[in-house]
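> give me a 3D structure for the following:
(chains A, B and C)
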Amino acid sequence: MLRQLATTIAVDTRGRGLVEVTRTLEAWLGESAIETGLLTIFIRHTSASLVIQENAAPEVRGDLDRFIARLVPDGDAIFRHRDEGLDDMPAHVRSALTATQLAIPVADGRLVLGTWQGVYVWEHRIRPHRREIALHLLGE
Amino acid sequence: MLRQLATTIAVDTRGRGLVEVTRTLEAWLGESAIETGLLTIFIRHTSASLVIQENAAPEVRGDLDRFIARLVPDGDAIFRHRDEGLDDMPAHVRSALTATQLAIPVADGRLVLGTWQGVYVWEHRIRPHRREIALHLLGE
Amino acid sequence: MLRQLATTIAVDTRGRGLVEVTRTLEAWLGESAIETGLLTIFIRHTSASLVIQENAAPEVRGDLDRFIARLVPDGDAIFRHRDEGLDDMPAHVRSALTATQLAIPVADGRLVLGTWQGVYVWEHRIRPHRREIALHLLGE
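Model prediction:
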């Protein structure tokens, strides 16, 4: 019989950049005893987002950061919203261009991630933040 | 026992820009009496999209619009598809760079949106359109 | 009574560009006899992604390809990760800017896609690849 579980986790970021959460997700999935299903991940912020990226070569994350910093520059004259500083509005744009939510199927009690896929919280603000992520798991 | 509900809503846009639909979603959720679950939102178009953004400072939406208009310029010489005008192909690109679908967990009968998060339809065409959004709600 | 089904499909790409998978998804949905529900599509790679785009005018796909090739240039000096060539890191960035996962509601036994919407695998590497896509279907 299908059932659902839900929880919220907190992720402490170290300022701009990617923080891997794959193991945290797998640990919660493991406790659930769900074998087949769907895990949905939702970040409750508009200045941090979610991304699935390669978990092997660490320079991939640095390249992603440099690319997005050039695409959406801090202090760009086009931005009027600067309530929290020059990285405030760029964080909202980065969030709009990446993902606020991901859903990953579960098979044999595991996320069906590809060999090189990891799930990351992408902090878009310069300073560290505590980010809240809502998880929803459906399955049996 | 888990159950599902589905409906379609229409959203009238005012031309380019963001239209908030958070209250419409919450109203439908409220009628469902679902306490815990998952709401999926799907926009049935490729020239308008969905985005979760800050609902406090109104200049955030203006900044988003200006940024994406510069990133994907109307009438860009790179575009051959102009069947419906110079804003036709840019609308498809904006749609590909943002979201066609969002899923938001439900807890205590409410969407687990963060304090500053609102759900928006992002109209990418210059003229107003009526946009159709399919909703799917799972829960109990 | 709600039930779920899951499978994995392989999609052979022809190198960079979009490959439509709408019919493959509809065929699997048709076999399931699910009338109302939700189909989730997850691509198990970080150098190919998913996108819903117009399925009518073929030049839309060419325009998308040209736009993203200019936005994320192969061999950009900003990229240090080049293990698999000059199109390696651009593929990861394209993947981060588009979607790794999509969920589409099902009504009357069909995906609720708009008239002009097709579901595509977007290959970001120059060479052809075999891509794995995990499908999860919930419904009744």
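
> make it CA atoms for all contacts and neighbour counts henceforth
Will do.

> helix or strand right after the longest helix seen in chain A?
Ordering each helix of chain A by length in residues (DSSP state H) puts helix A:59-71 first. Using DSSP states H and E, the helix or strand that follows helix A:59-71 in sequence is helix A:88-97.

> and that next one, C-alpha only, in PDB?
Extracted C-alpha coordinates of helix A:88-97, given in PDB (Å, rounded to 0.1, in the frame of the first residue of the first chain):
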ATOM      1  CA  ASP A  88      20.900  40.200  -3.100                       C
ATOM      2  CA  MET A  89      19.300  40.500  -6.500                       C
ATOM      3  CA  PRO A  90      21.900  38.300  -8.300                       C
ATOM      4  CA  ALA A  91      20.900  35.500  -5.800                       C
ATOM      5  CA  HIS A  92      17.300  35.800  -6.900                       C
ATOM      6  CA  VAL A  93      18.200  35.600 -10.600                       C
ATOM      7  CA  ARG A  94      20.400  32.600 -10.000                       C
ATOM      8  CA  SER A  95      17.600  31.000  -8.200                       C
ATOM      9  CA  ALA A  96      15.200  31.600 -11.100                       C
ATOM     10  CA  LEU A  97      17.600  30.100 -13.600                       C
END
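
> nearest residue to the residue in chain A that chain C sits nearest to in space, please, no chain neighbours.
Chain C sits closest to A:Gly114 of chain A, with a gap of 4.4 Å, by CA to the nearest CA. Excluding the flanking residues, the one nearest A:Gly114 by CA to CA, 6 or more residues apart in numbering or on different chains is C:Arg44, at 4.4 Å.

> tell me which stretches of chain A form strands.
For chain A, the strands defined by DSSP state E occupy A:3-12, A:17-20, A:37-43, A:48-54, A:101-107, A:110-111, A:117-123, A:130-139.

> the shortest one near chain C anywhere?
No: if you take CA under 8 Å from any CA of the partner chain as the test, strand A:110-111 misses chain C, and the best it gets is 10.4 Å.

> that strand pairs with which strands?
When pairing is defined by DSSP bridges, strand A:110-111 lines up against strand A:101-107 (antiparallel).

> okay, the angle between the strand it pairs with and strand A:130-139?
Relative orientation of strand A:101-107 versus strand A:130-139 (axes from the mean of the first three to the mean of the last three CA atoms, to 10 degrees): 40 degrees.

> state the mean pLDDT of strand A:101-107.
Across strand A:101-107, the average pLDDT comes to 98.

> next one: it to chain centre, how far?
A distance of 13 Å separates the centroid of the chain from that of strand A:101-107, by CA atoms, centre = their mean, to the nearest Å.

> relative to strand A:48-54, how tilted is that strand?
Using the same axes, to 10 degrees, the direction of strand A:101-107 lies 40 degrees away from that of strand A:48-54.
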